[in-house]
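Enquirer: Dropping the sequence and predicted coords here.
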Amino acid sequence: MDSLSLMLFISFAAPLLLVIYICKGKSKQLLIFLLAGILVALFCGEVNGILSGLIYTSTDIFTSNVTPLVEELCKALPLLFYAFCFKPDRLTLLECSAMVGVGFAILENAFVLGGDPDMVTIPLAIIRGFGSGIMHAICTTSVGYALSFVHIRRKTFYSGSIAILAAVSIYHAIYNMLVQSYYPTIGFVLPCLTCIPILIQVSRIHKKM
């Protein structure tokens, strides 16, 4: 396990655990899922490291074909467990889903930016935040929205879960390919544009609740 990712995880997890103990209700719940997202990022880093040693291919191909599937599947696991076992309402599931993506992005961005401090600039930090950060939040929120229909249409649970995981993995792969191509700006702008209809839909749900 990379020492930097582990040190970052400890530095984030320690104060979060304290705040989780202090908070109650939905605040506690959201912080737990934020911590879960950070833990998933640490786990995915280890899994991707193992797979990269087993699959002999270029970094571009690996991050476009393997990494999205591993990360989206791992991010979906706590959401699947929560949706299936606790049956939360749609808004709560959406909020918890977004927190998993945000937690994942926090550790990933901290690792990327902290790995080579001499190369870090404010524009790069902005790009990582509004690009990769929003992308992860979009993917997990989309999974959460799809899972909110599990208890309404239980017969389509398995096929629907596979479909949404495939969709977000493809979206993640497209983002990775774009940011590594000759047109990285398109990749960085894509999540910002994609989040607009999601925010509109979430606003509608807020009005109905």
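Expert: Noted; the coordinates are in hand. Numbering: from 1, shown residues only.
Enquirer: so who does Leu124 touch?
Expert: Going by Cβ atoms under 8 Å, 6 or more residues apart in numbering, Leu124 touches Leu113. In short, each C-beta sits where N, CA and C put it, glycine included.
Enquirer: That one and Phe81, how far apart?
Expert: Per Cβ to Cβ, to the nearest Å, Leu124 is found 35 Å from Phe81.
Enquirer: Asn109 now?
Expert: Distance from Asn109 to Phe81, by Cβ to Cβ: 25 Å.
Enquirer: same question, Ala137
Expert: In this structure, Ala137 and Phe81 are 19 Å apart, going by Cβ to Cβ.
Enquirer: Which helix runs longest in the chain?
Expert: For the chain, the longest helix by residue count, based on DSSP state H, is helix 25-54.
Enquirer: could you point out which element follows it?
Expert: Sequence order places helix 59-65 as the next helix or strand after helix 25-54, per DSSP states H and E.
Enquirer: Sort out which residues of that following helix are buried, please.
Expert: If you call a residue buried by 16 or more other Cβ atoms under 10 Å, then helix 59-65 has these buried ones: 62-64.
Enquirer: any idea which helix or strand comes after that helix?
Expert: Remark: after helix 59-65, the chain's next helix or strand is helix 67-86, criterion DSSP H and E.
Enquirer: List of residues touching that next one?
Expert: Contact with helix 67-86 is made by 33, 36-37, 40, 43-44, 47-48, 51, 88, 93, 96-97, 100-101, 104, 136, 139-140, 143-144, 147-148, 150, 161, 165, 168-170, 172-173, 176, as judged by Cβ under 8 Å, 6+ apart.
Enquirer: Just the buried ones out of these, please.
Expert: Burial of the contacts of helix 67-86 was assessed by neighbour count (16+ other Cβ under 10 Å); the buried members are 33, 36-37, 40, 43-44, 48, 88, 93, 96-97, 100-101, 104, 136, 139-140, 143-144, 147-148, 150, 161, 165, 168-169, 172-173, 176.
Enquirer: Go through stretch 118-130 and flag the buried ones.
Expert: Buried residues in stretch 118-130, counted by 16+ other Cβ under 10 Å: 127-128.
Enquirer: Let's see the distance spanning it from one end to the other.
Expert: From its first residue to its last, stretch 118-130 covers 21 Å (Cα to Cα, to the nearest Å).
Enquirer: Could you point out which residue ranges in this protein have low pLDDT?
Expert: Applying pLDDT under 70 to the chain flags the ranges 1-2, 151-154, 209.
Enquirer: Quick check, central residue of it?
Expert: Most central in the chain under Cα atoms, centre = their mean is Gly101, positioned 2.9 Å from the mean C-alpha point.
Enquirer: Contact partners for that residue?
Expert: 37, 75, 136-141.
Enquirer: neighbour-wise, which of Asn109 and Phe81 wins?
Expert: The neighbour count for Asn109 versus Phe81, taken as other Cβ atoms under 10 Å, is higher for Asn109 (21 against 11).
Enquirer: Wait, that one touches Ser132, no?
Expert: Yes - with contact defined as Cβ atoms under 8 Å, Asn109 counts as touching Ser132 (6.3 Å).
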